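Trainee: Provide a 3D model corresponding to the input given below.
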Amino acid sequence: MSFYDEVEIEDMDWDPQLGGYTYPCPCGDVFQITTEELRDGEEIARCPSCSLIIRVIYDVEDFEKADRNQATPSAGAVTA
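Mentor: Residues are numbered from 1 along each chain as shown. Got it, this is the predicted structure:
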């Protein structure tokens, strides 16, 4: 699999409406990954407007320990 980039989760922006993180895509839209996907071990953020993907670098344990009903990022994540 070929990634456009690898991005640390700390460099991504928290989006409360999405319930996840976003990062600017060169097409003008944003890559997106939800906290649920992160809890499940997913590391690929996709852009809904083009075919580019990025690899999100994060510690899955930060999200596994978080309450599944929690609507905000875990203590280990950085918010915008």
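Trainee: Tell me where the chain has helices.
Mentor: For the chain, the helices defined by DSSP state H occupy 35-39, 60-64.
Trainee: Format these as a markdown table; extra columns: distance to G28.
Mentor: Where C-beta positions appear, they are placed from N, C-alpha and C, glycine not excepted. Shown next, in a markdown table, are the helices of the chain (distance: least, C-beta to C-beta, whole Å):
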| stretch | distance to G28 |
| --- | --- |
| helix 35-39 | 23 |
| helix 60-64 | 28 |
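Trainee: Any figure for the gap between the nearest residue to C27 once chain neighbours are set aside and P16?
Mentor: Excluding the flanking residues, the one nearest C27 by C-beta to C-beta, 6 or more residues apart in numbering is C50, at 4.3 Å. Distance from C50 to P16, counting by C-beta to C-beta, to the nearest Å: 24 Å.
Trainee: The two: which has the busier surroundings?
Mentor: C50 (14 against 11; other C-beta atoms under 10 Å).
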